[in-house]
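In: okay, predicted coordinates and the sequence, questions at the end:
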Amino acid sequence: MNPVAVSLRRRQFVAGLAGASLLAPALLRAQPVPAKRIRIGSPDLGTAGKSSPGASTLAVVQAHQWLEEAFAKDGIEVQWNFFRGAGPAVAEALAAKQLDIVYLGDLASVIHKARGLPTRYIVPTGRGSNSYLATAPGSPIRSVADLKGKRVSVLKGTAYQRPFDNLLATAGLTEKDVKLINMDWPSSKAAVVAGQIDATFGGSDLFVLRDKGVQIPLSTRGRGPAFAINAGALATEDFVQNQAPLVQRVVTQLVRASHWASQEGNREALVALFASNSGNPETPFREELAGDNLSQRYSPLIDDGLIAGYQGVHDEGLKLGLIRQGYDVKSWFEPRFVQQALRELKLEKAWKETDAAGKAQGHA
């Protein structure tokens, strides 16, 4: 072979090796480094010094410490963050990039997404929750129409605002027809007991006030999807993109919790767990779950019924002015993690999918 050609090939080979050696560190740097901490955020639904995500599958995981067990061997810390300011406070922490995975009710998560917070919906943690109206001792309020002109508290930006607005609409009322007060849950409970407000609208924890003379004349139970609340876990887009294996392990534990919570034989244990984990009495949880099909309530499936529920929240949020900018709701969901968890746990047939009307399809 021509000596010049040989020399040229040798130089090209050496140059190729040099280029590869320079490229290798760059490729290594491009690979995401596994996180050493998973930062979970949730509204604080606990009391008596206990912080809790309430009656959700996340509470089951928290109480059993399944995430801590799952990540201990890798030296990954699970950091729980609870916010008394509920959804709005969680949004602030998300915006400041202080959280990786959050638990939120449907309206709060839709509002945050519509306002540009980069999240992906990874798994539902509870479906079809009811809301309740608690009235001050001696209050004459018995119907929705009776709320006109009354002082009523609702924590704005949370999942309860939408069913409250829809409840008002059944009597031809809007928020402008009542003296609406934006108040956090502990404050609103104290205010309604003291008669400083006429009523407060919220979750089943209001049942604990009955022994203080508070009445609960109205609820959203049985009123249909427009009045039901869904909740779920969201992950930041950055965490999904760069820490997908960790997201998968979190979702797998939440699906495991869904399976445990879905068993009718675990109903009493579930109520006891929610109460112990939150510091609340068992009564609110027993009242809320009374007559419910636990398998439907705690299904982890991202199916047509779940997506339609969030689409409804999105559309009503636009109509009511709760959000100003819409987005593609369906593409927000990231079902691959639930699907993989079902395969890992061999639970592919554990739950029935629901259609867009929320009706169960096929066989479990």
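Out: Noted; the coordinates are in hand. In this text, all values refer to a predicted model and were calculated from it rather than measured experimentally. Residues are numbered from 1 along each chain as shown.
In: and the helices in the stretch 201-350 of the chain?
Out: Counting by DSSP state H, counting those that start in this stretch, the segments of the stretch 201-350 of the chain that form helices are 237-242, 244-261, 267-278, 283-289, 294-297, 304-320, 329-332, 336-344.
In: select the longest strand from this structure.
Out: When the chain is parsed with DSSP state E, its longest strand is strand 119-129.
In: which SSE is immediately downstream of it?
Out: strand 132-135 (DSSP states H and E).
In: which other helices and strands contact that next one?
Out: With contacts taken as 3 or more C-beta pairs under 8 Å, 6 or more residues apart in numbering; DSSP states H and E, strand 132-135 sits against helix 185-193, strand 199-202, strand 215-219. Where you see a C-beta, it was placed from the backbone N, CA and C, and this is true even at glycine.
In: helix or strand right after that strand?
Out: Heading C-terminal from strand 132-135 (DSSP H and E), you reach strand 151-153.
In: that next one: partners in the sheet, and parallel or antiparallel?
Out: Note on strand 151-153: by DSSP bridges, its sheet partners are strand 179-181 (parallel), strand 199-202 (parallel).
In: from the middle of its chain, how far away would the longest one be?
Out: A distance of 21 Å separates the C-alpha centroid of strand 199-202 from that of its chain, computed with C-alpha atoms, centre = their mean, to the nearest Å.
In: that older thread, mind putting the helices and strands packed on strand 132-135 in CSV, distance to residue 358 and mean pLDDT included?
Out: Output for the helices and strands packed on strand 132-135, formatted as CSV (distance: least, C-beta to C-beta, whole Å; pLDDT from 0 to 100):
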stretch, distance to residue 358, mean pLDDT
helix 185-193, 27, 93
strand 199-202, 23, 97
strand 215-219, 18, 96
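In: returning to what we had before: tabulate the strands paired with strand 151-153 (JSON lines), appending mean neighbour count.
Out: JSON lines is the format used below for the strands paired with strand 151-153 (neighbours: other C-beta atoms under 10 Å):
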{"stretch": "strand 179-181", "mean neighbour count": "18"}
{"stretch": "strand 199-202", "mean neighbour count": "25"}
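In: distance check, the residue lying closest to residue 167 once chain neighbours are set aside against residue 274.
Out: In space, and not counting its chain neighbours, residue 167 is closest to residue 144: 5.7 Å by C-beta to C-beta, 6 or more residues apart in numbering. Shown here: residue 144 relative to residue 274, a distance of 29 Å by C-beta to C-beta, to the nearest Å.
In: show me which of those two is the more surrounded one.
Out: Set residue 144 next to residue 274 and count neighbours by other C-beta atoms under 10 Å: residue 274 wins out with 26 against 17.
In: picking that back up, deepest of the helices and strands packed on strand 132-135, which one?
Out: Of all the helices and strands packed on strand 132-135, strand 199-202 has the most neighbours on average by mean count of other C-beta atoms under 10 Å, namely a mean of 25.
In: convert the C-alpha atoms of it to CSV, please.
Out: Output in CSV follows, covering the C-alpha atoms of strand 199-202 (Å, rounded to 0.1, in the frame of the first residue of the first chain):
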residue,chain,number,x,y,z
ALA,A,199,-71.3,27.7,57.0
THR,A,200,-68.2,26.1,55.6
PHE,A,201,-67.8,23.7,52.7
GLY,A,202,-65.2,21.0,52.6
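In: got a list of what residue 279 touches?
Out: When contacts are counted by C-beta atoms under 8 Å, 6 or more residues apart in numbering, residue 279 touches 46-50, 52.
In: mind running it again at 7 Å?
Out: Shown in contact with residue 279 (C-beta atoms under 7 Å, 6 or more residues apart in numbering): 46-50.
In: thinking again about what came up before, the longest strand of the chain: which residues count as buried?
Out: Residues 119-129 are the ones in strand 119-129 that count as buried (16 or more other C-beta atoms under 10 Å).
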